[in-house]
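A.B. asks: Need coordinates for the following:
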Amino acid sequence: MKVRRQTVEHPLGTLKYWMGATHFLTKTLPRVSTEMSLHVLAYNLKRMMSIFGIAGLLEAIRT
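C.D. replies: Numbering: from 1, shown residues only. Sure thing, here's the model as predicted:
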């Protein structure tokens with residue numbers, strides 16, 4: 001449980017901070033799911049850019 005908290009807490013904390021840590025902007029489960037998916041996609045893209053750089057990310061997307 002200790003390891004699980006460490007590995008999951010950072011991404012969820014970051015997403016919560018980006019969202020304003022209050023609530024979703026949309027209502028109904030499908031829309032909230034879409035909003036959360038967009039937040040996760042943005043988080044993953046930002047992380048990939050910091051790891052590989054822009055050129056590396058574009059090269060990975062092209063292949």
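A.B. asks: can you give me the helices for the chain?
C.D. replies: 2-19, 29-62 (DSSP state H).
A.B. asks: Can you flag the weakest of those by average pLDDT?
C.D. replies: Looking at the helices of the chain, the lowest mean pLDDT belongs to helix 2-19 (a mean of 69).
A.B. asks: Pop out the phi and psi values for Phe24.
C.D. replies: Per-residue torsions, Phe24: phi -80, psi 150 (degrees, to the nearest 10).
A.B. asks: what's the answer for the one 4 residues further on, then?
C.D. replies: According to degrees, to the nearest 10, the main-chain angles of Thr28 amount to phi 80, psi 140.
A.B. asks: what's the pLDDT at it?
C.D. replies: 89.
A.B. asks: Could you check how far it is from Leu41?
C.D. replies: Thr28 sits 20 Å away from Leu41, going by Cβ to Cβ, to the nearest Å. Backbone N, C-alpha and C define where each C-beta goes, glycine included.
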